[in-house]
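**Q** task: produce atomic coordinates for the following.
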Amino acid sequence: MSVLENFGVETGQGKYHEEIIYSVALLYNHWNNRMSSYLKHYHLTPAQLNVLLVIQHQGKGAGISQVDIGKKLIATASNLTRLIDKLEDEGLAVRRAEPDDRRIKKVHVTEKGSQLLDEIWPRYNQELIYCLQGLPVEDQKIVAGILVKWLGIIIP
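**A** Residues are numbered from 1 along each chain as shown. Below is the predicted model:
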């Protein structure tokens, strides 16, 4: 019996679309639960961590607009606003008006937020590696290539 069959999904019946979607969903749920447990110690959710990572890496010190953060994540505008509000309340991020146009606000990671990311990242990265440890690197390359190709088709 396959793992998918434990969740009521028949395998080997030519319904690859079901096997793929359920596999991706189960992998996401597993990863999200695992990371939720780890991040609870830091009073963060996986969604909040993702927002911080986007601000840090996409903003590259110059900050990033809330609209651009939303384009990089799967989040509604209202949910993103709540996430950023929470990060601000915790002192991990701050919204700042642009000097040239005060109507435009960019979100920046604070020093506290940057230090927290530095603290979280080593174990987070180890968890990524752990989750893939049974899959040979060549298989990881194949899966990554297929998923990136699939994303390019679905989200052009």
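**Q** what's the mean pLDDT across the longest helix along the chain?
**A** Looking across the chain with DSSP state H, the single longest helix is helix 16-40. For helix 16-40, mean pLDDT is 90.
**Q** next one: stretch 68-86
**A** Rounded mean pLDDT across stretch 68-86 is 84.
**Q** what's the helix or strand for the residue nearest the centre of the chain?
**A** Compute the mean C-alpha point of the chain, and by CA atoms, centre = their mean the closest residue is Asn50, 4.4 Å away. For Asn50, the host element (DSSP states H and E) is helix 46-59.
**Q** buried sites along that helix?
**A** Residues of helix 46-59 classed as buried by neighbour count (16 or more other CB atoms under 10 Å): Pro46, Ala47, Gln48, Leu49, Asn50, Val51, Leu52, Leu53, Val54, Ile55, Gln56, Gly59. Just so you know, the C-beta spots here come from the backbone N, C-alpha and C atoms, and that holds for glycine as well.
**Q** before we move on, the earlier item: which helices and strands does the longest helix of the chain pack with?
**A** Contacts defined by 3 or more CB pairs under 8 Å, 6 or more residues apart in numbering; DSSP states H and E place helix 16-40 against helix 3-6, helix 46-59, helix 111-131.
**Q** related to what we said a few turns ago, and the nearest residue to the residue nearest to the centre of the chain once chain neighbours are set aside, what is it in contact with?
**A** With sequence-adjacent residues excluded and distances taken as CB to CB, 6 or more residues apart in numbering, Asn50 is closest to Leu73, at 5.8 Å. Applying CB atoms under 8 Å, 6 or more residues apart in numbering, we find Leu73 in contact with Ala47, Asn50, Val51, Val54, Leu80.
**Q** surely the fourth one touches Gly70?
**A** No. At 9.5 Å, Val54 does not count as touching Gly70 under the criterion of CB atoms under 8 Å.
**Q** nearest to Pro156 among the buried residues of helix 46-59?
**A** Val54 (20.2 Å; CB to CB).
**Q** quick one, phi psi at the nearest residue to the closest one once chain neighbours are set aside?
**A** Excluding the flanking residues, the one nearest Val54 by CB to CB, 6+ apart is Lys72, at 4.8 Å. Torsion angles at Lys72 (phi, psi; degrees, to the nearest 10) stand at phi -90, psi -10.
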